[in-house]
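Fold the following and give me the result.
(chains A and B)
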Amino acid sequence: MRFPRFHRLPFRKKLTVLVTTATAIALVLVGAAVVAFDYFEMRRDMLRDASTQAQMTSGRSSVAVELQMDDAAAGILADLEPDDDLIAAAAYTDDGTFLAGYVRDGHTVEFPTTPKTAPQHRFERTRLVLFHPIFQPLSEAERQLGVEKTQVGTLYLRYDLGGLYRHLALGIVVVITAIMVSLLVSLLLTGHLQHVLVQPVRHLALVARRVSDEKDYALRAGKLTDDELGDLTDSFNQMLSEIQARDAQLKQHRDDLEARIKERTGDLERAMVAAETAESMLAEYAGKLERRNAALQEARASAELANNAKSDFLANMSHEIRSPMTAILGYADLLHDEEVRAGAPASRLDAIETIRRNGSHLLSIINDILDLSKFEAGKMTIERVRCSPGQIAAEVVDLMRVRADASGLRLDLRYDGSIPETIETDPTRLRQILVNLIGNAIKFTERGGISLVVRLEPEAGEAGHLAFDVVDTGIGLDQDRIAELFEPFTQGDESTARRFGGTGLGLTISRRFATMLGGDIAVESTPGRGCVFTVAIATGPLDGVPLLPPEDMADHVRARRDRDGDRAAEGAGALAGVRVLLAEDTPDNQRLISHHLENAGAEVEIVGDGRAAIDRVVAVKKEGERPFDVILMDMQMPEVDGYAASSRLRELGHVTPIVALTAHAMQGDRERCLAAGMNGYVTKPIDPMVMFGEIARTIAGHPLPDHEAIATTSP
Amino acid sequence: MSHGVTAWLLAACIMLLATGAAPAPQKKKTASEVEVKAAFLVTVAGYVSWPDSAFASKTDPIVIGVIGKDPFGKVLDTLIVKQERHGRSFRILRLRALPEKPTPEQEAAADAAIRSCHVLFVCSSEKKRLDRTLALTRNRPILTVSDLSGFARDGGMIGLRIDRRRKIAFEMNVASARLCAIRVSPDLLNMAERTYTKVKNR
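Next comes the predicted model:
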């Protein structure tokens, strides 16, 4: 229930209010009941008295009524006077006529004109009205016989209810007074006795407040009563005990904690100091690291620079080294041809041949060293071209046959199973490897022969490996030697080296190439019986590539040779009438190259640098002279180099095919050339056939064969 | 005509008027003296009880004897029609006045006649013979009523009188009633304007 004001009262007042209210309600109800009951009882009594009176009076007045003795009747009615409540009475005869009446002094009454003959009463607001029949008397005997009474008249009585009401009022006053007194008593009693209930509660509250104020959990509330409050007190005390225990525990924990905190703080401080030290150390290290990083960056930068320098060096060296060698060899050839034409004696020819042979040897050594350098520098690249393995094998065998014959050794080529018509690899490097291996075989075989066996190693998937076995009947190798074999500069042993010559680089390089071509070189040998060197290379995708059985290989090779031969043949004479502009700064190379060109029937004009080349072309155009069919552009020229010159010419709108002469066969060179507007390129040292082929191709407008220069760092 | 006659006529007129114009509002039409007395006779029977021996059976009527010169004429007879008291109807018995010197047969006859009455109205004509008449009713349960003045004093039970307003009034001698075993209702007694408690010794 919502009685906020009530709830705010202190407990004892609440108690008082409750008791008083309850008592009041009870008393009021009882009082009301009593008063009401009393009132209705009184009314009933009144009615009963009235009825009795009526009864008696009607009995007494029957004679008068029967005899119409009005005075007598009046007298009888007047006898009712002592009843204070009676105001008026009247007697009527049997036909309803008024006979006599009585009215109390001080009242005026209008008697009803006709009485109600049936006995009845009516409580009106201020009065009670009765009609009572007046009967002839009946004797007891007659009554018992059930004889009906004869009504001889009617009595009318009127009573005042004033008395009743006064009684009621009095009753109410009395009851109210009684209630008041009772309430007062109850109030007093409650007031005095409330402490019986309130005291324990107060005590409990007091103790609770003390406990919370003083935080003294040792306090306990006294159990003053043995009722629910007593139980509450017990629970309260129990709770306090618990709190006390917990408090003690808490204190204990707190003390422990404090001790531990102290400890930890100590630890922490030490840790912090350590951390600070560490931090400063870290900072130091960080500084060091930074410096080292910077240094590293520098080092890297310099390494890169060094690397680039290395590449440039290699490139330059390649160029620088090979150019003179090319010149030497070229001029040796020149000399040879001239001497032959001049009918020189055999001794002179031998001398020239010696020069040529040694020069060649030197060149091959130089090439090996340069290749190895490239590998070391990670600058070695390989191509990936579709080429015929059969053709390559046949060419290599043809090439080495001379040497084999010279050593009195058999050299043959076999196909073990079907061979793919073409594979994707670097033909130059493959050739190099095979030449190296066969060369070694020739070198280390005194008797017997060498076989080159080509076989496809079956593998799942679309790519596979093509294996070339070089089988010799040479001195063989034992296992220790095999391990050392691929290290640079070893040849099996020192004595063998002296016997067989060579720099010992070949195998190392071959192996590296083999790896770059997606395969490897393996050795099997029985000392004294010979070796089998197997180079396996990746074939690249073989889908759609026909597999040629051994019997068809010969035809296939021949067909390709003819085709290339045509090309070569084309090359040999097809430069007839071709006007060539040669841009080359080195006089030796100028002479050499123009010699080759003129031999092929070309008309050659020479300029010494890029600028001159541009000017010459422009002039030719302007003069209306017959334009050049091709421009051979040396890439490394002073002032304006090949790239610049080509670009410039293209800018100026000249469409003359330009072939680059470049010593760089390195990554990006091809692209650079093409970007500069070249149509083809030839690498130095210049192979005349290749040059002729390239010139013919560019003049004919054939595009460069599918090249894919892979920038692969050597493993 | 003398003044006296005129006065007498006037008085008679006035009396007539007085009787004619009865000043009772809402009242019955005034009844005649005879009617009133007759009504009394019937009424009073209701307030008096006779001993059972007074009646031969339970249905025997109440006999109202009228002795002497009957003043009622047909009134009484008309009145008693359909009237009942105590569950009994009424019968009127007219009796001749006692002769001066009745023969024993006459006496016996008279005696028997009277004995059969329950109420005896002694007419005023029997004034001189009152004692002898009453003697006949002595010790007998007979209610003696008369309009002779002093009747109740002289031993009769109820003496009737008509007052100025033509209302009945009566005196009662309770002793006489008591003597003959008639019980009189107190209510009736109450109505008497005078009651006598002694029987005049005769």
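
what's A:Arg158 sitting at in phi/psi?
When read as degrees, to the nearest 10, the backbone of A:Arg158 gives phi -130, psi 130.

Would you confirm that it contacts A:Glu124?
No: contact criterion CB atoms under 8 Å: A:Arg158 and A:Glu124 do not qualify, at 9.2 Å. No exception for glycine: its C-beta is placed from N, CA and C like everyone else's.

Counting neighbours, go ahead and name the busier of these two.
Each of A:Arg158 and A:Glu124 has its neighbours counted (other CB atoms under 10 Å in any protein chain shown); A:Arg158 has more, 24 against 9.

Distance check, the closest residue to that one other than its chain neighbours against chain B.
Using CB to CB, 6 or more residues apart in numbering or on different chains and skipping the chain neighbours, the partner closest in space to A:Arg158 is A:Ala88 (4.5 Å). From A:Ala88 across to chain B, the span is 16 Å (CB to the nearest CB, to the nearest Å).

tell me the SS of A:Ala88?
Judged by DSSP: H, G, I helix; E, B strand; the rest coil, the three-state class of A:Ala88 is strand.

tally of neighbours for it?
A:Ala88, neighbours per other CB under 10 Å, totals 22.

quick one: contacts for it?
Taking CB atoms under 8 Å, 6 or more residues apart in numbering or on different chains, we find A:Ala88 in contact with A:Gly101, A:Tyr102, A:Val103, A:Arg104, A:His107, A:Val109, A:Phe111, A:Tyr156, A:Leu157, A:Arg158.

which ones are touching A:Gly150?
No Gly there; residue A:150 is Thr. By CB under 8 Å, 6+ apart, the contact list for A:Thr150 reads A:Phe135, A:Gln136, B:Glu84.

for those, which one is nearest A:Gly330?
Among the contacts of A:Thr150, A:Phe135 lies closest to A:Gly330 (CB to CB), at 184.0 Å.

Next, the contact list for the closest one, please.
Going by CB under 8 Å, 6+ apart, A:Phe135 touches A:Ser58, A:Gly59, A:Ser62, A:Lys149, A:Thr150, A:Gln151, A:Val152.

Just the buried ones out of the residues you listed, please.
Among the contacts of A:Phe135, those classed as buried by 16 or more other CB atoms under 10 Å in any protein chain shown are A:Ser58, A:Gly59, A:Ser62, A:Thr150, A:Gln151, A:Val152.

Which ones among those residues lie within strands?
Secondary structure from DSSP state E places A:Gln151, A:Val152 of the buried ones among the contacts of A:Phe135 in strands.

ok, back up a step: I'd like the contacts of A:Thr150 written out as a markdown table, with pLDDT, secondary structure and distance to A:Thr265 added.
A markdown table is the format used below for the contacts of A:Thr150 (pLDDT from 0 to 100; DSSP: H, G, I helix; E, B strand; the rest coil; distance: CB to CB, whole Å):
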| residue | pLDDT | secondary structure | distance to A:Thr265 |
| --- | --- | --- | --- |
| A:Phe135 | 88 | strand | 121 |
| A:Gln136 | 84 | coil | 127 |
| B:Glu84 | 86 | coil | 133 |
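
Can you report phi and psi for A:Leu434?
Here is the backbone geometry of A:Leu434 (degrees, to the nearest 10): phi -60, psi -40.

so it touches A:Glu395, yeah?
No: with contact defined as CB under 8 Å, A:Leu434 does not reach A:Glu395; the gap is 9.1 Å.

Looking at those two, which is more packed in?
Each of A:Leu434 and A:Glu395 has its neighbours counted (other CB under 10 Å); A:Leu434 has more, 24 against 19.

secondary structure class for the nearest residue to that one once chain neighbours are set aside?
Using CB to CB, 6+ apart and skipping residues adjacent in sequence, the residue nearest A:Leu434 is A:Val396, 4.4 Å away. Following three-state DSSP, we place A:Val396 in the helix state.

In this structure A:Val396 contacts A:Ile433, no?
No: in this structure, A:Val396 is not within contact of A:Ile433 by CB under 8 Å, at 9.3 Å.

ok, these two, which is more surrounded?
Between A:Val396 and A:Ile433, A:Ile433 has the larger neighbour count (other CB under 10 Å), namely 28 against 23.

for that one, what are its contacts?
A:Ser510, A:Phe513, A:Ala514, A:Leu517, A:Ile521, A:Val535.

at 10 Å what do you get?
A:396, A:426, A:468, A:470, A:506-507, A:509-514, A:517, A:519, A:521, A:533, A:535, A:537 (CB atoms under 10 Å, 6 or more residues apart in numbering or on different chains).

do A:Phe628 as well
With CB under 10 Å, 6+ apart, A:Phe628 has these contacts: A:578-582, A:603, A:605, A:613, A:616-617, A:620-621, A:654, A:656-658.

just the buried members of the residues you listed?
Of the contacts of A:Phe628, these count as buried by 16+ other CB under 10 Å: A:578-582, A:603, A:613, A:616-617, A:620, A:654, A:656-658.

Can you name the residues of the stretch 401-550 of chain A that neighbour chain B?
Residues of the stretch 401-550 of chain A found near chain B (CB under 10 Å from any CB of the partner chain): none.

how about the strands in the stretch 401-550 of chain A?
A:410-416, A:419-420, A:423-425, A:449-457, A:463-472, A:520-526, A:530-541, A:547-548 (DSSP state E, counting those that start in this stretch).

now swap in chain B and tell me
Shown for chain B, the strands assigned by DSSP E span residues B:48-49, B:62-67, B:90-95, B:119-122, B:143-146, B:158-162, B:168-173, B:183-184, B:194-196.

how far out from the middle of the chain is the second one?
Right, the one you point to is strand B:62-67. Strand B:62-67 sits 9 Å away from the centroid of its parent chain (CA atoms, centre = their mean, to the nearest Å).

now that strand against strand B:90-95, angle please.
Inter-element angle recorded for strand B:62-67 and strand B:90-95: 20 degrees (by axes from the mean of the first three to the mean of the last three CA atoms, to 10 degrees).

which other helices and strands contact strand B:62-67?
In this structure, strand B:62-67 makes packing contacts with helix B:33-46, helix B:75-80, strand B:90-95, helix B:104-115, strand B:119-122, helix B:130-137, strand B:143-146, judged by 3 or more CB pairs under 10 Å, 6 or more residues apart in numbering or on different chains; DSSP states H and E.

Just put the contacts of A:Thr150 in a markdown table and tack on distance to B:Arg91.
As requested, the contacts of A:Thr150 are exported to a markdown table (distance: CB to CB, whole Å):
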| residue | distance to B:Arg91 |
| --- | --- |
| A:Phe135 | 24 |
| A:Gln136 | 19 |
| B:Glu84 | 12 |
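
Among those, which one sits closest to A:Lys379?
Minimum distance to A:Lys379 across the contacts of A:Thr150 is 160.3 Å, recorded for A:Phe135 (CB to CB).

Identify the bridge partners of the closest one.
Beta-bridge partners for A:Phe135, by DSSP bridges, are A:Gln151.
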